[in-house]
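Student: just to be clear, the model below is a prediction. Sequence and coordinates:
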Amino acid sequence: MFSQSKSLALLSLLIISAFVLGACQPQTIIKTVVVEKEGETIVQTVEVPVEAEAAGPIEATGLVACQPIPEIASTVATSAHLAKAVGVKPATAPIERFVGSPYEQGGAVYRVGVFEDVTTNNYWGANGPDNTVWNSYMLPSRLTLYSLSDKYFTFGTFAAKELPQPLVEEGDMWVGEIPLRDDIKWSDGTPFTAKDVAWTANTVLKLSLISGNWSTWYDAGFLDHVEAVDDYTAKFFFHTKPGVLRFEYGVLQAPILQEAFWTPKLEEAGVFASIDALAADASDEDKAAAQTEAHDKLFAIDPTGEPTAGGFTLTKWEKGAFLEQTAYADYFYKGTKITQWENGAYEDSTGLKTGTPEGDPSLVIDVGPNVESVVYTIYGSQDAAILAMKSGEVDFVINPLGLQRGLANQIITDPNLTVIENPVNGFRYLSFNVRRQPMNDCAFRQAVAVLIDKEFVTKTILQGVAQPYYTFVPPANEFWYNPDVIKLGEGLTREQRTNLAVAILEQAGYKWEGDQKPAWDADNRQVTQAGALLMADGTPVPPLKMLAPSPGYDPLRSTFAIWIETWLKEFGIPLTAELAGFNVIVPKIFTEHDFDMYILGWSLSTAPDHVYTFFNEEQAAPDGNNAGGYVNPEYEEKAKQMLTCESFEDCKAIAFETQEILATELPYVLLFDTGIIEAYRSASVEYPYTEVLSGLQYIHQGPGNAMQTYVKVK
C-alpha cells in the first residue's frame, strides 16, 4: 500500500510539472503563407496563434510509409524476450471434444461476481458492435458444429457427428458435407436440424455482417452458402477454397441460432426490407446504407425467450443488478464422461477412443450441468466483488483484468479461498486513428512507441504485476509467437529514447517550434520541455485525445494513459488522456471512430487470424474490428494468406512474417499484459482443473461445453 501511494504521488508531481511547463510555451508560430494582394500573389511570413492553427483534427489522405530506423536504433536491445510460461501448441491432427458426467446436484446455485454489466442480450449485437468481453462471459453459449478442448485447445466434434472430411471440388465450388447428431433439442423441445445451420449462415451472408466475430465465423470472402441436404446433413459451398483458419477454425466453429425463433422476429422487424428493395444495379453507397439499416433493426430486436441448446438458458436479466441462467435438463452432452491424456488421447463413456494413451490420465471431466442455475451478480468494483466472495456471497469472481496482486495477497491466507495464476493469450494496446494526421505517419507512430517506457511502468510503477509486450501474438501462445521482431525502445534509457524519437521524427521532416527540441538534461535527470511539434509542412500537431478505461475499471491501463500523456506533452505533442467507463468508450471507438488514440485490450483465439481481422479494409467500417482504420494493401495481401494456408506449419510462417511487419509499422503500440490471477471459493465449489491458458474466465462460458457446465457446488 505504501509503495502504491508513493507512485501515485510521483505521478501527480509529474503531471503538475507538465501542466506548468506547457503553460510557459509561446502561443504563436511563424508560418510561410501565400496571399493575394491587389491582384498580386505574394509569399510572406505571418505570426499564427498555435490554438487557431491546430483547432481540430486534420484529416489524412493515406498512410505515410515507414523509413529506415536511424542508426541510433542500434542501441535497441533485440535479444531480450519475455519469459515463457505455459505454452499452447495447437495440434496438427484434430481430436474429439472434451465431454463428461451425470447431473448430480440438482438444486445447487453457482454464484459468480462480475463488475460490469452485459450491454445487450441480443446475440447478433453481442458479437457485433457490442462485442465486449462481458457479453462473452455472461451470455449463454450457442451450438457449434465443432469446438476446442478446454485445456489443450485441440479440435473436435460438438454438434457434428464425426470429424470433417477434406473439401472436394464440385463444379466451380469447394464443398463439404457435415453429418449432424440427431439427439439434440433446443430448449423449447424442438429438434436441432441442418435447417438451423443453413439459415444462420445464409442470414449472416445476406446481411453482410462483418462486425465483431461474424466475419471470422461466416466469411463471405470464402463461403458462398450452406444447404440442408436433409434434416441431419449440412452442406457447405465455398466459392474460394478456405484454409484451416477459415474452415476448421472458422465456419465449423461458428454459432448456430434457431431458425424457427428468429425468422418471425426478423420479418416483424423488417430487417431485410431495405436489402430486398435494392435495385439490381444499386451503387455501393446504396448497398452500404441498406445494410446499415438492416443491421440496426437486427441488433434492436428483443430476444427474450430465445431457445438455446447448451447447458444453460438465459432466464432473467435485471440491468445493473444480476443475470441468471437456468440449467437445461435435456442438454445432449449431459451424462457423458471423458478421460483425457496429456498427449491428446482420450476415451469417453460411449466407447469412443482417439489416440494411444501414454502414462496416467491427466484429466477426467464430468459434464453436467451439475447445478440448477448460475447467477451473475454485478458489483461496483473489483474490490466489492472480492469482498462479496470473502463473505460467501459468491463462489467465483470473473475478472478479465486479473486480480490485483494486493488483493490476492490479502486473501491468499483465507482457508476458504484459493488463488490461481495462469498466462494469458491477449494484450493491452494503444491504437492510432490513421484517418487523421499525424497518426497516419509511420514515423510518428514509431516515435510514440519509443517514448513509451513499458519496462518503467510495468516494473517500477506497477510493481511487476504486468509484463511489457512487443509482439502481436502473445508469448504464451508459444507455437505462433515470433520472438525475433523489432522491439522499438526495449532496454533504452530515457536519454536514448529521447534521442531516437527525435532522430525518427527529424528524418521524416518534423521540427519543433522555435527549434526547441526535447533533449536530455543530464544535470537535472529529465527531458527538457519541447516546443510544439510541427509536421513536415510546418503545421502544428493538433490537440489529440486518447480514450482509455478509468482507474475504477482498470488502474493498469489508466496508469499507462497518464504516463503516455506526460511523455508526449513533454515532447511537444498536445495529447490529453480522457478516462471513462469501459461501456462508455467502446462505442466512441468502434462505432463513431471519434478518437485520435485509444487504449483497450483483446482476448485472442489460439489460431492468430487476428493479424488479418484487425487490420483489413473491410473491418475499417463502423462497428468493424479495425477501428484505427489502418489499411495497407501490401500488408493485407500477406495477412490474408493466413485464411488460405492449409497446415499449421504453413500458417505459422505467414504469422511470423505478419508479426514482423506489424512490429515495424505499428498500427498498435502493444503495451503490456498480466498473468491472469483469479480467486474462487474452494470451500463451496470444485472445478475439474484450474491450469489453463488465460484462466478459468476464458473457458467459463462456451462455445461447446464450458466450465460452468462442469463446476460442482459442495
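Tutor: Perfect, I can see it now.
Student: quick one: residues contacting N416.
Tutor: The contact partners of N416, by C-beta atoms under 8 Å, 6 or more residues apart in numbering, come to 392, 681-684. In short, each C-beta sits where N, CA and C put it, glycine included.
Student: just say helix, strand or coil for the residue positioned nearest the centre of the chain.
Tutor: Against the mean C-alpha coordinate of the chain, by C-alpha atoms, centre = their mean, the closest residue is W602 at 2.4 Å. Classification of W602 using DSSP: H, G, I helix; E, B strand; the rest coil returns strand.
Student: excluding chain neighbours, what is closest to it?
Tutor: Nearest non-adjacent residue to W602, counting by C-beta to C-beta, 6 or more residues apart in numbering: G426, 5.5 Å away.
Student: same check, this time on R181
Tutor: Nearest residue to R181, sequence neighbours excluded (C-beta to C-beta, 6+ apart): K161, at 5.3 Å.
Student: my guess is that neighbour contacts D183. True?
Tutor: No: taking contacts as C-beta atoms under 8 Å, K161 lies outside contact range of D183: 9.9 Å.
Student: looking at the two, which is more packed in?
Tutor: Taking other C-beta atoms under 10 Å, K161 and D183 do not tie; K161 has more neighbours (14 against 11).
Student: residue contacts, that one?
Tutor: Contacts of K161 (C-beta under 8 Å, 6+ apart): 179-182, 232.
Student: mark which of those residues are buried, thanks.
Tutor: Buried members of the contacts of K161, scored by 16 or more other C-beta atoms under 10 Å, are 179-181, 232.
Student: look at the residue nearest to R181 and report its pLDDT.
Tutor: pLDDT for K161: 91.
Student: go on, the one 4 residues further on?
Tutor: Reading off the confidence values, Q165 has pLDDT 94.
Student: ok, E53 next?
Tutor: At E53, pLDDT is 43.
Student: K151 now?
Tutor: pLDDT, K151: 76.
Student: so how far is Y232 from it?
Tutor: To Y232, K151 is 30 Å away according to C-beta to C-beta, to the nearest Å.
Student: kindly report the same for F322.
Tutor: Taking C-beta to C-beta, one finds F322 at 38 Å from Y232.
Student: just give the closest residue to D554, not the sequence neighbours.
Tutor: Closest residue to D554 apart from its sequence neighbours, by C-beta to C-beta, 6+ apart: L401 at 5.3 Å.
Student: doesn't S558 make contact with that neighbour?
Tutor: No: with contact defined as C-beta under 8 Å, L401 does not reach S558; the gap is 11.1 Å.
Student: where does the stretch 251-400 of the chain dip in pLDDT?
Tutor: Applying pLDDT under 70 to the stretch 251-400 of the chain flags the ranges 350-353.
Student: neighbours of A384, just the number please.
Tutor: Neighbours of A384 under the rule other C-beta under 10 Å: 13.
Student: then I275?
Tutor: 16.
Student: by contact count, what packs against the helix or strand containing it?
Tutor: Here I275, judged by DSSP states H and E, is contained in helix 273-276. If contacts are counted by 3 or more C-beta pairs under 8 Å, 6 or more residues apart in numbering; DSSP states H and E, helix 273-276 sits against helix 284-299.
Student: okay, buried residues for the helix it packs on please.
Tutor: By neighbour count on 16+ other C-beta under 10 Å, the buried set for helix 284-299 is 290-291, 293-295, 297-299.
Student: for the following helix or strand past it, packing partners?
Tutor: Next helix or strand after helix 284-299 toward the C-terminus (DSSP H and E): strand 312-318. Counting contacts by 3+ C-beta pairs under 8 Å, 6+ apart, strand 312-318 packs against strand 322-327, strand 373-378.
Student: and stretch 573-591, how far out from the chain's middle?
Tutor: 16 Å (C-alpha atoms, centre = their mean, to the nearest Å).
Student: now the helices: where do they sit in the stretch 501-650 of the chain?
Tutor: Listed in chain order, the helices of the stretch 501-650 of the chain (DSSP state H, counting those that start in this stretch) span residues 555-570, 582-590, 610-613, 633-640, 648-665.
Student: can you map out the strands along the stretch 451-600 of the chain?
Tutor: 467-468, 511-512, 520-521, 526-527, 533-534, 544-549, 575-580, 597-603 (DSSP state E, counting those that start in this stretch).
Student: ugh, wrong one, I meant the stretch 601-714 of the chain
Tutor: 668-673, 676-680, 685-686, 712-713.
Student: try the stretch 151-300 of the chain
Tutor: According to DSSP E, counting those that start in this stretch, the strands that the stretch 151-300 of the chain contains are 155-157, 168-170, 173-179, 223-230, 233-238.
Student: dump these to CSV, plus mean pLDDT and distance to E578.
Tutor: Formatted as CSV, the strands of the stretch 151-300 of the chain follow (pLDDT from 0 to 100; distance: least, C-beta to C-beta, whole Å):
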stretch, mean pLDDT, distance to E578
strand 155-157, 82, 42
strand 168-170, 97, 54
strand 173-179, 98, 48
strand 223-230, 98, 40
strand 233-238, 98, 44
